[in-house]
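**Q** next come a sequence and a model predicted from it.
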Amino acid sequence: MMEQVMDVSKLVFTKARGGRFRWLTISTLMLAIGMLLHLVSPSVAGFTPNWMIACYVVAILLTKPSYKQCLGICMVAALMEVFTSKSAFPYGDFASEFFGAYVAGFFAHSVPPIKIGKFSLRPAIAGFITTCVSGFTFVSILTLVMGIPMKVYLYGMLPAVAMVGIGNGIITPFLYFPALRLFKSMHYMAESDVEDSDHSGLVLKQQQEGVISVEHLTYTYPFSKKKALDNVSMAVSKGDFVVVTGPNGAGKTTLLMSMAGAIPHYYGGTMEGMVFTGGKAVTQHTIADLASSIGVILSDYKAQIVTLTVGEEMAFTLENHGFPPDEIRRRSKEALAKVHLDGLEERKVSTLSGGQCQRLVVAAVLAEEPEVLVFDEPTSALDPEGIREFYEMVGELNRKEGLTVIVAEHHLEAALPFAKKFILMNQGKIISQGTPEEVMRAMKQNHIYEEAIPDMYRAQLTLEDQGISFEKPFLNIRDAEQSVMDSFEKGEGKHA
Ligand SMILES: Nc1ncnc2c1ncn2[C@@H]1O[C@H](COP(=O)(O)OP(=O)(O)OP(=O)(O)O)[C@@H](O)[C@H]1O
């Protein structure tokens with residue numbers, strides 16, 4: 001039965017950073033260290049610790065990979081052992097490390113860190129037991145294959161396995177704690193022993209209407225003490241055109257990334273509250289799942305291009321989703337037409353202008369048919385003409401295709417004719433949200449990011465300070481001209 005959670009504002013989700021390939025990086029490093037130690041290690045009283053086992057135990061305890069991944073790590077360890085083994089039957093390592101993988105995985109997943117003060121005994125115990133199980137398997141197979149007498153097995157080999165086990169029980173913590181410190185300092189590890197959260201068993205109910213609903217979201221990046229978002233709540237309705245603005249470091253990108261699930265899944269960190277995208281709680285879905293509802297175009301959009309030609313770029317993601325060729329052709333054609341790049345399938349990406357590259361990325365995202373398009377500072381690398389063209393294209397997608405658009409933007413003037421809603425952020429908080437006019441007034445009143453208010457509207461606010469009011473806000477040049485003309489016709493403007 002699923003557990004019901006009514007109040008998502010109290011919900012906490014923690015995740016170590018960049019999770020997906022951390023286990024691979026750390027285990028590769030640990031196995032390399034294990035191999036070096038194995039080659040140079042002297043034996044003590046005839047016994048050599050098994051460095052490879054100690055090192056894979058450390059890697060598995062540190063990264064908690066799935067059991068399948070544990071097996072992968074241990075099979076690589078076994079292969080390395082086979083190449084360097086002096087044993088009469090080195091292939092026994094594949095069998096012994098098979099069991100070793102599951103024992104180490106069991107310690108990582110199911111055995112709590114048994115602590116004496118701040119010191120965890122788990123590495124020592126895991127090192128000892130994994131080595132004993134692996135060693136027992138190895139010598140048993142060796143005995144069977146080589147026909148070794150039972151006496152030798154019982155009184156020679158098994159005690160030797162126990163001795164190596166004890167040795168590994170001693171060396172494993174000596175490898176584990178420095179490795180933990182090292183990988184923490186490289187930001188590969190979470191700061192504490194806090195497990196990655198799992199929300200799969202919860203029923204999470206969206207409290208606000210909207211295709212995106214951010215509910216009491218507080219978020220801290222890994223290894224940061226400062227909240228990047230602080231109790232942020234907002235909702236985006238279908239068909240909205242929302243512009244998120246605010247000074248550098250206000251939290252705009254962080255907010256956008258939380259809508260796409262990159263926070264918490266890619267960045268890790270600690271998240272309180274919840275974000276619902278297309279009705280899905282982001283902590284319960286992968287970034288790939290959420291991509292069917294939301295498409296993200298990064299500020300460094302060129303980094304999103306992975307192929308050489310326009311046609312290949314369009315097909316790339318669709319092929320990965322397993323769409324048949326006909327469907328890929330249909331979606332590509334439609335999406336390219338929407339961004340006015342139709343007929344350019346054969347063009348090399350390197351021959352496209354900056355603006356065209358951006359359109360290509362938008363088309364590739366559109367081909368996945370999301371409901372929401374998110375742009376992080378899309379105009380930062382464009383010239384004024386490029387900025388105008390960009391907003392005309394996005395305005396058309398919003399108006400004609402009914403796409404919901406969310407843009408993090410510093411250039412408010414260009415976005416103003418299209419935006420239905422503005423959101424002002426500062427220091428991780430939403431300071432004001434509403435119509436562009438309401439928000440720009442709040443910017444002036446609170447002296448937050450005043451310099452971003454378009455000159456035209458700033459002129460209106462200055463004139464209002466002088467006691468002159470206007471019928472229509474100066475949101476575009478035509479309205480401004482009309483308002484001024486009306487004021488002249490009525491005298492020198494309406495005095496407040
Ligand atoms: N990967 C990260 N790790 C730690 N802190 C981060 C990370 N990315 C951003 N921050 C911090 O989070 C806060 C919000 O940053 P964010 O990039 O969301 O702001 P922004 O409003 O998009 O700024 P800009 O307009 O400069 O892009 C800042 O204090 C920033 O230093």
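**A** On my side now, so go ahead.
**Q** which helices and strands sit right next to the one helix or strand residue 486 maps to?
**A** With the criterion set as DSSP states H and E, the secondary-structure element containing residue 486 is helix 477-489. In terms of contact count using 3 or more Cβ pairs under 8 Å, 6 or more residues apart in numbering; DSSP states H and E, helix 477-489 is assigned the packing partners helix 455-465. All C-beta spots, glycine's among them, are computed from the backbone N, C-alpha and C.
**Q** can you list the strands that the helix or strand following the helix it packs on pairs with?
**A** Moving toward the C-terminus from helix 455-465, the first helix or strand encountered (DSSP H and E) is strand 468-469. Each strand that pairs with strand 468-469, with its direction, by DSSP bridges: strand 494-495 (antiparallel).
**Q** average pLDDT for the partner strand?
**A** Taken as a whole, strand 494-495 has a mean pLDDT of 48.
**Q** run the contact check for stretch 295-309 versus the ligand.
**A** No - judged by Cβ under 6 Å from any ligand atom, stretch 295-309 stays clear of the ligand, getting no closer than 7.3 Å.
**Q** now the end-to-end length of that stretch.
**A** Using Cα to Cα, to the nearest Å, the span of stretch 295-309 from its first residue to its last is 21 Å.
**Q** for the chain, what lies in contact range of the ligand?
**A** Of all the residues in the chain, those in contact range of the ligand (Cβ under 6 Å from any ligand atom) are 221, 224, 226, 228, 246, 248-254, 267, 408.
**Q** the residues you listed, buried ones only, as a PyMOL selection?
**A** The PyMOL selection below is limited to those of those classed as buried (16 or more other Cβ atoms under 10 Å):
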select buried, resi 221+228+246+250+251+252+253+254+267+408
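**Q** now the helix holding residue 486: buried residues?
**A** For helix 477-489, a neighbour-count test (16+ other Cβ under 10 Å) marks 479, 480, 483, 484, 487 as buried.
**Q** just stretch 434-452 next, same as before
**A** Going through stretch 434-452 with 16+ other Cβ under 10 Å, the ones that come out buried are 436, 439, 440, 441, 442, 443, 444, 448, 449, 452.
**Q** looking at the residues you listed, which is nearest residue 235?
**A** For these, the minimum distance to residue 235 (Cβ to Cβ) is 15.7 Å, reached by residue 439.
**Q** quick check: closest non-adjacent residue to that closest one.
**A** Spatially, and ignoring its direct neighbours in sequence, residue 439 is nearest to residue 422 (3.6 Å; Cβ to Cβ, 6 or more residues apart in numbering).
**Q** tell me if the one you found really is in a strand.
**A** Yes - counting by DSSP: H, G, I helix; E, B strand; the rest coil, residue 422 is located in a strand.
**Q** burial of it, as a residue count?
**A** By the measure other Cβ atoms under 10 Å, the count of residues near residue 422 is 24.
**Q** wait, what's in contact with it?
**A** By Cβ atoms under 8 Å, 6 or more residues apart in numbering, the contact list for residue 422 reads 242-245, 412, 432-436, 438-440.
**Q** for residue 166, same thing?
**A** Taking Cβ under 8 Å, 6+ apart as the definition of contact, the neighbours of residue 166 are residue 128.
**Q** and residue 253, how far from residue 229?
**A** 11 Å (Cβ to Cβ, to the nearest Å).
**Q** also residue 476?
**A** In this structure, residue 476 and residue 229 are 32 Å apart, going by Cβ to Cβ.
**Q** the contacts of residue 422 in helices, which ones?
**A** 412, 436, 438, 439, 440 (DSSP state H).
**Q** look up how far the ligand lies from the third one.
**A** Relative to the ligand, residue 438 is positioned 20 Å away (Cβ to the nearest ligand atom, to the nearest Å).
**Q** how confident is the prediction for that residue, by pLDDT?
**A** According to the model, residue 438 scores 93 on pLDDT.
**Q** who are the contact partners of it?
**A** Counting by Cβ under 8 Å, 6+ apart, residue 438 touches 422, 432.
**Q** what do you get for the fourth one?
**A** Residues in contact with residue 439, defined by Cβ under 8 Å, 6+ apart, are 245, 422, 423, 424, 432, 433.
**Q** rerun that using 7 Å as the cut-off
**A** The contact partners of residue 439, by Cβ atoms under 7 Å, 6 or more residues apart in numbering, come to 422, 424, 432, 433.
**Q** got TSV for those, with pLDDT and distance to residue 169 too?
**A** Output for those, formatted as TSV (pLDDT from 0 to 100; distance: Cβ to Cβ, whole Å):
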residue	pLDDT	distance to residue 169
422	95	62
424	96	58
432	95	60
433	95	58
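**Q** out of these, who's the most crowded?
**A** These, ranked by neighbours (other Cβ under 10 Å): first place residue 424, 26 neighbours.
**Q** that one pairs with what?
**A** The residues listed as beta-bridge partners of residue 424 by DSSP bridges are residue 245, residue 432.
**Q** which SSE is the residue nearest to residue 323 when sequence neighbours are not counted in?
**A** Sequence neighbours aside, residue 331 is the residue nearest to residue 323 in space, at 7.1 Å (criterion: Cβ to Cβ, 6+ apart). Secondary-structure assignment from DSSP H and E places residue 331 in helix 325-338.
**Q** what's the following helix or strand after that helix?
**A** Using DSSP H and E, the first helix or strand after helix 325-338 is helix 354-366.
**Q** list the buried ones in that following helix?
**A** By neighbour count with 16+ other Cβ under 10 Å, helix 354-366 contains the buried residues 355, 356, 357, 358, 359, 360, 361, 362, 363, 364, 365, 366.
**Q** try stretch 40-52
**A** Within stretch 40-52, the residues that qualify as buried by neighbour count (16+ other Cβ under 10 Å) are 49, 50, 51, 52.
**Q** now, those residues that are in helices?
**A** Applying DSSP H to those, the entries found in helices are 51, 52.
**Q** quick one: contacts for residue 76?
**A** Listed by Cβ under 7 Å, 6+ apart, the contact set of residue 76 reads residue 31.
**Q** now residue 240: how far from the ligand?
**A** 20 Å.
**Q** hey, which helix or strand in this structure has the poorest pLDDT?
**A** strand 494-495 (a mean of 48; mean pLDDT, DSSP states H and E).
**Q** what residues does stretch 11-31 touch?
**A** Residues from elsewhere that reach stretch 11-31, judged by Cβ under 7 Å, 6+ apart: 5, 55-56, 58-59, 62-63, 65, 69, 73, 76-77, 80, 179, 183, 187-190, 194, 196-197, 199, 222, 264, 266-274, 283.
**Q** for the record, mean pLDDT for it?
**A** Averaged across stretch 11-31, the pLDDT comes to 80.
**Q** chain center to that stretch: distance?
**A** Per Cα atoms, centre = their mean, to the nearest Å, the displacement of stretch 11-31 from the mean C-alpha position of its chain is 12 Å.
**Q** same check, this time on stretch 138-150
**A** In terms of Cα atoms, centre = their mean, the gap separating the centre of stretch 138-150 from the centre of its chain is 50 Å.
**Q** so which residues make contact with it?
**A** When contacts are defined by Cβ under 7 Å, 6+ apart, stretch 138-150 is touched by residues 88, 89, 92, 93, 95, 96, 153, 157, 158, 161.
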